[in-house]
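K.L.:
With the sequence up front, the predicted model follows.
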Amino acid sequence: MPQTLPQPGAAEPTLCRNCETPLQGAYCHACGQQDQRGATLRGQAAQWFASIATPGGRFFETLVGLLTSPGALTRAINEGKRQRFVSPFVTLLFAMLVLHGVQWLAGGPDQALTSESTVTASLERADGALEDYASGEAEDAPGGPAFLRGEEQAARSALSAEERRERALSTQFFTDQARKAWNPVADKPAPASWRAGVQQALSTLPGLFPVLGWLLIPLLIPAMAGFFKGASTQDSLGHARFLAHATAFTALALAAGTALIAAGLPFMPIAGIVLAGLIAHTAFHLRGAYFLEWAGTVWRCAALLIASAVAIAILTAGVTLLRAAL
């Protein structure tokens with residue numbers, strides 16, 4: 001069979017750098033890799049930011065779908081319509097980075113959400129450092145008052161026990177005044193209440209979520225398989241995509257709540273709004289992604305939220321025990 005010889009002077013075909021197939025456009029029709037000859041870092045960065053900020057870009061469409069129609073977004077990706085959208089796991093990475101960035105700008109999750117307990121803990125550390133100082137056992141500890149950190153051991157040892165005690169009592173007086181200015185009823189023990197417990201539990205979640213949120217997906221996939229046993233054709237990958245989208249929305253909601261609380265708005269109303277938004281979003285997400293009736297949506301939504309709370313509690317307890325062991 002005669003072979004077609006290249007015509008003299010004809011240009012050599014451009015080959016795909018991945019599979020060496022002759023290219024017929026910007027993308028290889030064999031492996032799908034984009035031809036990026038001549039690409040620069042500046043051009044790639046501009047293209048990436050444009051995909052986020054430009055209406056119609058993949059990232060923009062994904063975020064809008066996640067906020068307004070999460071069920072349709074997850075269903076479309078599970079059905080194979082992935083060209084228009086960013087991967088659910090990339091979306092989750094972006095949401096976690098946003099949450100971490102907001103916490104960093106707010107001074108950290110503890111300062112943004114539990115400033116009262118942070119100040120109280122600082123005062124308690126100061127009390128302990130003052131007691132050590134009065135007994136002559138103070139060290140240059142990072143948690144101690146500034147005058148203790150800057151005073152040399154030789155200067156401290158030169159003071160008599162009575163002088164150390166007087167200086168400690170003098171500083172203790174100003175520490176007490178600072179505590180009373182922060183909380184006028186500091187001398188009275190705060191009564192235990194469910195409200196305080198709920199606030200403490202909710203305030204610890206945003207700080208741990210960027211670390212623990214990823215682990216919710218493998219922990220909850222078996223639960224999702226049990227919730228939809230015989231009622232859904234989705235496999236474990238489909239459930240994982242749903243959980244990635246749900247976790248990404250949770251991270252964005254926590255980031256918004258963190259920013260509002262850091263701006264000075266009261267904690268409990270913002271926490272209530274965020275929690276109500278998460279419940280509503282989960283319900284509509286389940287209904288749209290799995291074609292559920294409202295009866296099936298409600299009980300699966302409740303079961304998923306309970307399973308998520310249990311998983312978060314287990315992870316938080318594990319982190320607490322690990323920190324205590326270290």
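P.N.:
Cool, got the structure.

K.L.:
Just give the number of residues close to the nearest residue to residue 17 once chain neighbours are set aside.
P.N.:
Spatial nearest neighbour of residue 17, excluding adjacent residues (C-beta to C-beta, 6 or more residues apart in numbering): residue 33 at 7.3 Å. (C-beta placed from N, C-alpha, C; glycine too.) For residue 33, the neighbour count with other C-beta atoms under 10 Å is 14.

K.L.:
Phi, psi for residue 33 please.
P.N.:
phi -70, psi 140 (degrees, to the nearest 10).

K.L.:
In contact with it: list those residues for me.
P.N.:
16, 17, 18, 19, 27 (C-beta atoms under 8 Å, 6 or more residues apart in numbering).

K.L.:
For it, give me the pLDDT.
P.N.:
At residue 33, the model reports a pLDDT of 76.

K.L.:
And for the one 5 residues further on?
P.N.:
On pLDDT, residue 38 comes in at 68.

K.L.:
what's the spacing between the residue lying closest to residue 28 once chain neighbours are set aside and residue 29?
P.N.:
Spatially, and ignoring its direct neighbours in sequence, residue 28 is nearest to residue 16 (4.0 Å; C-beta to C-beta, 6+ apart). Relative to residue 29, residue 16 is positioned 9 Å away (C-beta to C-beta, to the nearest Å).

K.L.:
Please tell me how far residue 206 sits from residue 303.
P.N.:
24 Å.

K.L.:
Would you mind telling me which of these two has more residues around it?
P.N.:
For residue 206 versus residue 303, the count of surrounding residues by other C-beta under 10 Å is larger for residue 206: 28 against 14.

K.L.:
tell me which element the more buried one is part of?
P.N.:
Taking DSSP states H and E as the definition, residue 206 sits inside helix 194-227.

K.L.:
Same question for residue 83.
P.N.:
Applying DSSP H and E, one finds residue 83 in no helix or strand.

K.L.:
that older thread, of residue 16 and residue 29, which one has the most company?
P.N.:
residue 16 (18 against 11).

K.L.:
ok, the more buried one to residue 282 distance?
P.N.:
Counting by C-beta to C-beta, the gap between residue 16 and residue 282 amounts to 43 Å.

K.L.:
residues near residue 321, how many?
P.N.:
Residue 321: 10 neighbours (other C-beta under 10 Å).

K.L.:
Contact partners for the closest residue to residue 259 other than its chain neighbours?
P.N.:
The spatially closest residue to residue 259, leaving aside those adjacent along the chain, is residue 102, at 5.3 Å (C-beta to C-beta, 6+ apart). Residues touching residue 102, when contacts are defined by C-beta under 8 Å, 6+ apart, comprise 255, 258, 259, 262.

K.L.:
Just the CA trace of the helix or strand hosting residue 102, in CSV.
P.N.:
Residue 102 belongs to helix 88-105 when assigned by DSSP H and E. Provided in CSV are the C-alpha atoms of helix 88-105 (Å, rounded to 0.1, in the frame of the first residue of the first chain):
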residue,chain,number,x,y,z
PRO,A,88,-15.2,19.4,44.0
PHE,A,89,-11.9,18.6,45.7
VAL,A,90,-10.2,21.7,44.3
THR,A,91,-13.3,23.7,45.4
LEU,A,92,-12.9,22.3,48.9
LEU,A,93,-9.2,23.2,48.9
PHE,A,94,-10.1,26.8,47.8
ALA,A,95,-12.7,27.1,50.6
MET,A,96,-10.3,25.8,53.2
LEU,A,97,-7.7,28.4,52.1
VAL,A,98,-10.3,31.1,52.3
LEU,A,99,-11.3,30.0,55.9
HIS,A,100,-7.7,29.9,57.0
GLY,A,101,-7.0,33.3,55.4
VAL,A,102,-10.0,34.9,57.1
GLN,A,103,-8.9,33.5,60.5
TRP,A,104,-5.4,34.8,59.9
LEU,A,105,-6.6,38.3,59.1
